[in-house]
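> Let's see this in three dimensions:
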Amino acid sequence: MTFEIVFVLVAAFGAGFVDAMAGGGGLIQLPALFAAFPQAPHTTLLGTGKLAGLAGTTSAIFRFIRHVRLDWSLVLSAAAGAFLAALVGAWIATRFSPAQFRALVPVPGPKKPSYRPISPAPAAFSSSCSCASSVSISCTPRPRRKS
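Predicted coordinates for the structure are as follows:
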């Protein structure tokens, strides 16, 4: 197995775990797919992520059906809405060029914003980080503030 496959499998495991509990596993898996396969068409990676998510969601559904009482009218209404929204979202994704779409996916790469802490950290622990032109990140310590 190649490193890319192992990387995506680990991400898929984490995504399935998160997705079964709270949803949003695609936010883990999709950037991993884009990072592992940068030359693949974005629509292929989106479909791959959705198919993997469908497999995980299906297994979670069967587990929940056995252990949780579901309000089927609510479930079916939500499923219909999600189905229609997914059709629209997939159609929109095909309208983006690969470069435009990749700019929307949070994958480490060139032209990403610099990291700045939201609240001031103690001077001993603060640093200034910025992304270089490749995938590397350089950090330099900030000078200590005089009290």
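> contacting residues for the nearest residue to Val18 once chain neighbours are set aside?
Leaving out its chain neighbours, the residue that sits closest to Val18 by CB to CB, 6 or more residues apart in numbering is Gly25, at 4.8 Å. Placement of C-beta: from N, CA and C, glycine included. By CB atoms under 8 Å, 6 or more residues apart in numbering, the contact set of Gly25 is 14-19, 53, 56.
> what about 6 Å?
Taking CB atoms under 6 Å, 6 or more residues apart in numbering as the criterion, Gly25 is in contact with 15-16, 18-19.
> and it, what are its phi and psi?
Gly25 has phi and psi values of phi -60, psi -30 when expressed as degrees, to the nearest 10.
> next one: Gly23
Per-residue torsions, Gly23: phi 90, psi 170 (degrees, to the nearest 10).
> Report the separation between it and Val8.
Gly23 is 20 Å from Val8, where distance means CB to CB, to the nearest Å.
> before we move on, what about Thr48?
Using CB to CB, Thr48 is found at 9 Å from Val8.
> Looking at these two, which has the bigger crowd around it?
Applying other CB atoms under 10 Å to Thr48 and Val8 shows that Val8 carries more neighbours, namely 21 against 17.
> any idea of the pLDDT on that one?
For Val8, the pLDDT comes out at 92.
> That one: what's it in contact with?
Neighbouring residues of Val8 by CB under 6 Å, 6+ apart: 32, 36.
> Show me which residues of the host helix or strand of it are buried.
Using DSSP states H and E, Val8 sits within helix 3-21. Buried residues in helix 3-21, counted by 16 or more other CB atoms under 10 Å: 8, 11-12, 15-16, 18-20.
> now do stretch 51-61
For stretch 51-61, burial by neighbour count (16+ other CB under 10 Å) applies to 52-53, 56-57, 60.
> could you redo these as JSON lines and give each row pLDDT?
Converted to JSON lines, the buried residues of stretch 51-61 look like this (pLDDT from 0 to 100):
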{"residue": "Ala52", "pLDDT": "90"}
{"residue": "Gly53", "pLDDT": "89"}
{"residue": "Gly56", "pLDDT": "87"}
{"residue": "Thr57", "pLDDT": "87"}
{"residue": "Ala60", "pLDDT": "86"}
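> Look at the residue nearest the centre of the chain and give its secondary structure.
When CA atoms, centre = their mean is applied to the chain, the residue found nearest the centroid is Leu27 (2.3 Å). Under DSSP: H, G, I helix; E, B strand; the rest coil, Leu27 falls in the helix class.
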